[in-house]
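Colleague: structure of the sequence below:
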Amino acid sequence: MATVRKLRADAQRNREAILTAARETFEAEGVLASLDGIALRAGVGNATLYRNFPTRDDLLAAVIATSITEALSEADELSRTLSPREALAEWLVLLTWRLRIWHDLPYCLATALQDTESPVKPAYDPLLERTGRLLDSAKAAGDLAGPVTASEVYELVLALSWAVDRFHDDETAARKRVKMATAGIFTQPHPS
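Modeller: You can find the predicted model right below:
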């Protein structure tokens, strides 16, 4: 079994500076921003950036890890407090909104879906798994209109997230877009 070696204090500071600079840069310029610019913003050399994160996807996966942890906590809360149908519907809105946070993130995640070796795969796997769990609960409750997989729903969310980003939707417009696009997933509600 391999042991993980703890980083020296200066190496840990450099890594954190890179992650902070990348998060700020992604927010301002999108995930396809210059890696050289990120290194400059972090106050480190390119070699330091690439030693820590050999590829853009390695850096992207590390930066989005904290955002995913927060999203998974929100999914757990939805499951505890809402009906299966409402939890899934709200998760689709929440996930669409979260994935649009950085320009071109939906594109990068969609690209990673095609590449099982992508460093971004471990970052999105928990989102896909949680989508599947919420989908299974809604299916068990009789809330789904037909057979649909977690992968299909996740791909739809990526497409919606891309649209939310491209059309500069605010939260209200994004919610409406997701509700319209995902309506076909659900059975028609019973009239009260």
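Colleague: against Ala174, how distant is Arg100?
Modeller: For Arg100, the distance to Ala174 equals 7 Å [Cβ to Cβ, to the nearest Å]. (Glycine included, C-beta is placed from N, CA and C.)
Colleague: same question for Asp115.
Modeller: 27 Å.
Colleague: which one's more surrounded, the two?
Modeller: Ala174 (21 against 11; other Cβ atoms under 10 Å).
Colleague: if I look at the more buried one, how far off is Leu94?
Modeller: Distance from Ala174 to Leu94, by Cβ to Cβ: 10 Å.
Colleague: before we move on, back to that, overlap in contacts, Arg100 and Ala174.
Modeller: Val164 (Cβ atoms under 8 Å, 6 or more residues apart in numbering).
Colleague: the lowest-mean-pLDDT helix or strand in the chain packs against which elements?
Modeller: Least confident helix or strand, the chain: helix 105-113 with a mean of 78, by mean pLDDT, DSSP states H and E. Using 3 or more Cβ pairs under 8 Å, 6 or more residues apart in numbering; DSSP states H and E as the contact test, the elements touching helix 105-113 are helix 56-81, helix 84-99, helix 121-140, helix 150-166.
Colleague: could you dump those helices to TSV with mean neighbour count, distance to Leu19 and mean pLDDT?
Modeller: TSV is the format used below for the helices and strands packed on helix 105-113 (neighbours: other Cβ atoms under 10 Å; distance: least, Cβ to Cβ, whole Å; pLDDT from 0 to 100):
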stretch	mean neighbour count	distance to Leu19	mean pLDDT
helix 56-81	17	6	88
helix 84-99	21	18	94
helix 121-140	17	13	91
helix 150-166	19	22	92
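Colleague: how about these in JSON lines, adding distance to Phe26?
Modeller: Output for the helices and strands packed on helix 105-113, formatted as JSON lines (distance: least, Cβ to Cβ, whole Å):
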{"stretch": "helix 56-81", "distance to Phe26": "6"}
{"stretch": "helix 84-99", "distance to Phe26": "12"}
{"stretch": "helix 121-140", "distance to Phe26": "13"}
{"stretch": "helix 150-166", "distance to Phe26": "12"}
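Colleague: and of those, who's closest to Tyr107?
Modeller: Of all the helices and strands packed on helix 105-113, helix 150-166 sits nearest to Tyr107, with 6.6 Å by Cβ to Cβ.
Colleague: helix or strand next in line after that closest one, which one?
Modeller: Later in the chain than helix 150-166, the nearest helix or strand by DSSP states H and E is helix 171-182.
Colleague: please identify the buried residues of that following helix?
Modeller: By 16 or more other Cβ atoms under 10 Å, the buried positions in helix 171-182 come out as 174-175, 177-178, 181-182.
Colleague: who touches Ile101 in this structure?
Modeller: By Cβ under 8 Å, 6+ apart, the neighbours of Ile101 are 27, 67.
Colleague: that concludes my questions; thank you for your assistance.
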